[in-house]
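**Q** predicted model, plus sequence, below.
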Amino acid sequence: MLNKQEILDYLTVEDPQELFSRADKVRKEEVGDDVYLRGLIEFSNHCRRQCGYCGIRAGNHDIVRYRMTIPEIIACAREAKSKDYSTVVIQGGEDMAATADWMAEIIESIKAETGMAITLSLGERDLEEIKLWRKAGADRYLLRFETGNQKLYETIHPSLPGKKSDRFEVLSQLRELGYEVGSGVLIGIPGQTYDSLAEDIVRFGEIDLDMIGVGPYIPHPDTPLFTLPKAESGQVPNSVEMACRVVALARLVCPKSNIPSTTALATLEGVSGRLQGLSCGANVLMPNFTPAKYRQLYEIYPAKAVLSEAQTDLTEWLESIGRHRGKGRGDSPNRLLRG
Ligand code: 5AD
């Protein structure tokens, strides 16, 4: 296992090539050449929070809000199933009108009809709610801790009145409930130093994450973080290259985890961004199944790239880079190991 100093060295070494090939080798040995596809459904852009980086924050009055209906959500899942997907990811803002019962009904219906694995990405919800969803059939949960630096976290992610935000607490609740647990960080947020990023990566290993999603911070002009100053020294850049270093390090600290090449990578560099992610440790892609009319409104950052389900040449494209589309559920080998 890498220690913090070794991680810091890899984050700052001039040429990351050795890191990338080391991570690619570990990826091949530990999770093989299969690339699993997850169908992403961005069901709502309503959100009660005020995250300083995010375009769908409650304070942004310049966007049109939407919430898909149950039949619309199930239709997306059905479409993913028809294209041989084995997992759907239901993601949205912290939309409290999406009640626990409403969500449980969706989970139960998708499970009953398609048998697909269900991943939730619904923010910080109450213990009772995540319990109910697990019972309803949800398999996995994604909740990035964004940064483990308490001071920086409080600046970019204000707590709700009277309720201190503690994503590590939620992550351990999810683990207790038997979810496959995913988390990750933003890379290059103003004020983020190499030192704090290295600590975050050490943390991935300590929490023993089953899935790790990371991506470069992409400034959104309608958010407060847009004007936040950079760290005076040791500021982490929000580049594709730095994000790839973090993907590679995530593979080294959690060798059996599932790691996506994320949308943010593709937003900055298109297909080449996604390819870079896959060649330095990633083994998952998340094509978007959100209906086009809603997809454009789910603007967590500007000009979000979408790997559309219409991109039918994905299997071929994977073969051309020596990888194969994964069959079956593609559960995290790390989770399976834990039993
Ligand atoms: N740039 C990059 N990623 C972002 N996210 C939210 N806003 C941005 C942004 N401006 C990421 C967060 C969140 C995930 C769903 O999207 O890390 O956890």
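**A** Everything's here; your move. Numbers count the residues shown, from 1 in each chain.

**Q** what mean pLDDT does stretch 180-195 have?
**A** The average of the pLDDT scores along stretch 180-195 is 98.

**Q** right, is it up against the ligand?
**A** Yes: using CB under 6 Å from any ligand atom, we find that stretch 180-195 touches the ligand at L186. Every residue, glycine included, has its C-beta placed from N, CA and C.

**Q** just the C-alphas of that stretch, formatted as PDB.
**A** The C-alpha trace of stretch 180-195 is given here as PDB (Å, rounded to 0.1, in the frame of the first residue of the first chain):
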ATOM      1  CA  GLU A 180     -21.600  -1.500  -2.200                       C
ATOM      2  CA  VAL A 181     -20.000   1.900  -1.400                       C
ATOM      3  CA  GLY A 182     -18.600   4.500  -3.800                       C
ATOM      4  CA  SER A 183     -17.000   7.800  -3.100                       C
ATOM      5  CA  GLY A 184     -14.400  10.200  -4.500                       C
ATOM      6  CA  VAL A 185     -13.200  13.800  -4.700                       C
ATOM      7  CA  LEU A 186     -13.200  16.800  -6.900                       C
ATOM      8  CA  ILE A 187      -9.700  17.700  -8.300                       C
ATOM      9  CA  GLY A 188      -8.500  21.200  -8.500                       C
ATOM     10  CA  ILE A 189     -11.100  23.100  -6.400                       C
ATOM     11  CA  PRO A 190      -9.700  26.500  -5.500                       C
ATOM     12  CA  GLY A 191      -7.800  26.200  -2.200                       C
ATOM     13  CA  GLN A 192      -7.100  22.400  -2.600                       C
ATOM     14  CA  THR A 193      -3.400  21.600  -2.000                       C
ATOM     15  CA  TYR A 194      -1.400  18.600  -3.000                       C
ATOM     16  CA  ASP A 195      -1.000  17.700   0.700                       C
END
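
**Q** what residues of it count as buried?
**A** Buried residues in stretch 180-195, counted by 16 or more other CB atoms under 10 Å: 180-194.

**Q** then stretch 72-89?
**A** Neighbour counts over stretch 72-89 (16+ other CB under 10 Å) mark I73, I74, C76, A77, E79, A80, K81, Y85, S86, T87, V88, V89 as buried.

**Q** could you report the distance from the third one to I118?
**A** What it means is C76. Going from C76 to I118 by CB to CB, to the nearest Å gives 12 Å.

**Q** identify the contacts common to the two.
**A** Counting by CB atoms under 8 Å, 6 or more residues apart in numbering, the contacts common to C76 and I118 are V88.

**Q** near the ligand, which residues of this protein?
**A** By CB under 6 Å from any ligand atom, the residues of the chain that approach the ligand are Y53, C54, R144, E146, L186, G215, Y217, I218, H220, A264, I300, Y301.

**Q** coming back round to it: just the buried residues of stretch 180-195 now: which is nearest S279?
**A** Distance to S279 across those (CB to CB) is lowest for I187, with 17.6 Å.

**Q** give me the phi and psi for the closest one.
**A** phi -120, psi 120 (degrees, to the nearest 10).

**Q** ditto for A117
**A** Per degrees, to the nearest 10, the backbone of A117 is at phi -70, psi 140.
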